[in-house]
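Chemist: coords please:
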Amino acid sequence: MPPNTAPLADAALVALREHFGHRAFRGHQAAIIDTVVQGSDCLVLMPTGGGKSVCYQIPALLREGTGVVISPLIALMQDQVSALEAVGLRAAFMNSSQSGREAFDVERRLRKGELDLVYVAPERLLTDRCLSLLDECRIALFAIDEAHCVSQWGHDFRPEYAQLSLLRSRYPGVPRIALTATADEQTREEILDKLAMPDARRFVSSFDRPNIHYTITEKSDARAQLLRFIQDDHEGEAGIVYCLSRNKVEETAAFLCSKGLDALPYHAGMSHEDRARHQARFLREDGIIIVATIAFGMGIDKPDVRFVAHLDAPKSIEGYYQETGRAGRDGEPAVAWMVYGLQDVVQQKRMIDQSEADDTHKRILSAKLDALLGLCETASCRRARLLSYFGEALPAGRDGAPWQCGHCDNCESPPATFDATESVRKLLSACYRTGQRFGAMHLIDVLRGQSNDKVRRFGHEQTSVFGIGSDLDDRAWRNLIRQCIAADLIAVDHAQFGALRLTEAARPVLKGERQLAFRASAVLGEKRPRGRKATRTAGRPSPHSAADEVLAPQAQLRLQALRDWRAAQARERNLPAYLIFHDATLRAIAQGQPDSLAALAEIPGIGARKLKEYGDQILSLTRP
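Modeler: So this is what the prediction gives:
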C-alpha cells in the first residue's frame, strides 16, 4: 500500500467531520475516496441514500483543482449546489438556466481555481466552448453521476453519455469515477466499455435497503387500493406514485386531490415551468404526493419520502429498484408498494413488440421484463429475489432453507400455494383447441361456458373445452393466465392483437410430465395484511414517522419546535428543509438535548459551518 495512504485517510476524515458532521465513513466510501485521490478510475455501485456523493466530493477537496460532476439532472443542480454551499464548499453549476452574466461568472471562478466542484450536464460538457474552458483549468476529477444512463439496455438511456469516453484521451491524467445506484452485470460491463474505463476498480455495495418494506398485491380497483394504502398508513407523509401513461398520472392526481390529499402530477407532457413548480413544492413542503411517469425522480435527494407506489408494473427490476430506492433515503422505515395485474403484462409486452428496437434488444428487454414478472409472482421472499437478480450472495437460511428477510409481504404472511396443474392444462388446451388466435377474455368465456356472439360465431361452443373451467370465476382465470405468462407457458402475440399462444414449455404440462404450484392468493383472492398505522396520542404532535413515536413526550415537543424553526429557515433561504438539517439530525438533538456548542458539535450531521451558523439558535430552542 502506498506510504501516503494514512495521511490521506486522516485528511479525508477531517474533511468528512468538518463539512458533513460525521466521524466515520460507511461501507466502501473510504476505499473509493483513496482510489480517486491517488489518481485511479473506479466504478461505484451504491444504493440510493448510500452516500455516493461523498465519494467524489471529498476527493475534489483533497486533490488540486476543481471536481467536475457530470449529471443529467439540470432541474436539481441548484439544490445540489445549495447543499454544498450550506456545508462550506465552493460550488457552482453550468447549464441552460443561467443568464449570460451568471455563466460568465462561473467560468471566471473556474479559471481562477475558486471552485471545489462544478456541475455540468453532458450536453453542455461536450460543446467545444466547455471543453476549451476545461482545457484552461486544473481538473481534480471527473465524476460521472447516474452512469447507468450510458447503457442502451437501461431505463434512463442518454446518448450523450456514450460520448464521454473522450475524457480519457483528452484528460489522461485526471481520474474518473462513474457512479450509479443500479446496474446488473451486463450494464456494468457496458458502462466501463462505453466510458473507456477498462482498468477501473469496481466497488459494489450491497443492494439491500433493509428499511424498505416490499409489498406487491393483485390489482383489482387500483385507485381505491392506492387510496386505502395511503389513508391507512401514510396520510400526511411524502410519497411518489408511478403510472405508465400521462393520462393516468393526471387522473390519479386529480382523484387523490378529490379525496383531500395534496397530490401533484408530473410528466414530460407538462410545461417546463409546471414541472419545475411541482418538483419544487415536493422538495420544499411536507406531505406532498407526486404522481408521475418515470420522467420524475432520478437524483431526487428528498430524504423523507415514506412510500413509493406503482399503479403499473415497471419495465424491469432495474427500473423498479431505482424508483423504489427514492423512498426512505434517511434510513427510516419506508414502503415500496405495487399493484399488478394481467393487463400490465400484456401492455408491457406489447410495448416491447411494437418498439423499433432490433431483435437482440427486444430479447434483452423481454428477459428483463420476465425477471420483473418473476419478482411479482414469487411466493418466496421478495428481497431475496431482488438481491439475487443483482448477483448478490445471500446468507444461508435456517436449517438449509432459503434466506428470508422477514420484512416483505411474502415473509410476513407467506402466500399459500396450490396445485395448479389441472387448471393450467384446461387453459392450455383451450388455447390450443381455439387455434391460438384469441386473447385472454375470449378464452375465459370459452372455459367458463359463456355463450356469447363471438363464441358462437367461431363455433367454440362445440369444442371439447367449452365450459370445462366453470369452477373458477373471471378474476381467477385472469390471474391464472397472468401466472402462466410469467412462467413462460403462454406468450402474448401482439401481431395477432394480443392472441395467446403456447410456448415450448407448455408441452410437458399438457403431457402430464410437469406439475405446477401457483400462488393461491392470486387465484383465490387471499387477504393480505396491511402495514402499520401510526398511533397518535392526544396532546402530542403527530409523529412524522415511526422513529418519532419512540421519543418521550417532551422530546417530541422539542422536535416539533426544531421542525418549525427549520421550516422558517428554509422559507427564508428558499431551500428545501432537509438542506438545513435532516430529520435524523433534529431527532438526535431533541433526544440528546445538548446544552453547549461543544455538545451540539457531537451530533451527527452538524459540521463546522452549520454549527457556526445555527448553533446558538438551536440551543435556545432545546435548553430546559
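Chemist: What ranges in the protein fall below the confidence cut-off?
Modeler: Scanning the chain for pLDDT under 70 picks out the ranges 1-8, 152-156, 295, 299, 398-400, 494-495, 521-549, 624.
Chemist: Cross-check the contact I'm expecting between Ser510 and Leu427.
Modeler: Heads up, residue 510 is Leu, not Ser. No - Leu510 lies out of contact with Leu427 (Cβ atoms under 8 Å); the separation is 10.3 Å. To be clear about C-beta, it is placed using only N, CA and C from the backbone, and glycine gets the same treatment.
Chemist: Which one's more surrounded, those two?
Modeler: Per other Cβ atoms under 10 Å, whichever of Leu510 and Leu427 has more neighbours is Leu427, with 29 against 15.
Chemist: So that one sits against Trp477, correct?
Modeler: Yes - counting by Cβ under 8 Å, Leu427 does reach Trp477; the two are 7.4 Å apart.
Chemist: where do the contact lists of those two overlap?
Modeler: Here Leu427 and Trp477 share the contacting residues Leu443, Leu447, Gly469, scored by Cβ atoms under 8 Å, 6 or more residues apart in numbering.
Chemist: Just give me how far the helix or strand the second one falls within sits from the chain centre.
Modeler: When you say that, I think you mean Leu447. Here Leu447 sits within helix 440-448, counting by DSSP states H and E. When C-alpha coordinates are averaged (Cα atoms, centre = their mean, to the nearest Å), helix 440-448 and its chain have centres 37 Å apart.
Chemist: What of stretch 316-328?
Modeler: Relative to its chain's centre, stretch 316-328 lies at 3 Å (Cα atoms, centre = their mean).
Chemist: could I have it exported to CSV, CA atoms only?
Modeler: The C-alpha trace of stretch 316-328 is given here as CSV (Å, rounded to 0.1, in the frame of the first residue of the first chain):
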residue,chain,number,x,y,z
SER,A,316,-37.5,-4.1,-15.4
ILE,A,317,-36.1,-4.9,-12.0
GLU,A,318,-33.5,-2.1,-12.5
GLY,A,319,-36.3,0.4,-13.1
TYR,A,320,-38.2,-0.9,-10.1
TYR,A,321,-35.2,-0.8,-7.8
GLN,A,322,-34.2,2.7,-9.0
GLU,A,323,-37.7,4.0,-8.4
THR,A,324,-38.4,2.3,-5.1
GLY,A,325,-35.0,3.4,-3.9
ARG,A,326,-36.3,7.0,-3.7
ALA,A,327,-38.2,6.0,-0.5
GLY,A,328,-36.5,6.1,2.9
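Chemist: Tell me which stretches of the stretch 351-500 of the chain form helices.
Modeler: Assigned by DSSP state H, counting those that start in this stretch, the helices in the stretch 351-500 of the chain fall at 359-377, 382-389, 409-412, 421-433, 440-448, 453-457, 474-486.
Chemist: Now distance to Met298 too, for the ones you listed, in JSON lines please.
Modeler: Converted to JSON lines, the helices of the stretch 351-500 of the chain look like this (distance: least, Cβ to Cβ, whole Å):
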{"stretch": "helix 359-377", "distance to Met298": "18"}
{"stretch": "helix 382-389", "distance to Met298": "19"}
{"stretch": "helix 409-412", "distance to Met298": "27"}
{"stretch": "helix 421-433", "distance to Met298": "40"}
{"stretch": "helix 440-448", "distance to Met298": "34"}
{"stretch": "helix 453-457", "distance to Met298": "45"}
{"stretch": "helix 474-486", "distance to Met298": "28"}
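Chemist: out of those, nearest to Gly319?
Modeler: Evaluated over the helices of the stretch 351-500 of the chain, closeness to Gly319 peaks at helix 359-377, with 8.0 Å, by Cβ to Cβ.
Chemist: host element of the nearest residue to Ile216 once chain neighbours are set aside?
Modeler: In space, and not counting its chain neighbours, Ile216 is closest to Met338: 4.7 Å by Cβ to Cβ, 6 or more residues apart in numbering. Using DSSP H and E, the element containing Met338 is strand 334-340.
Chemist: Identify all contacting residues around that strand.
Modeler: Against strand 334-340 from outside (Cβ under 8 Å, 6+ apart): 211-220, 222, 225-226, 229, 233-234, 305-311, 313, 320, 324, 327-328, 376, 531.
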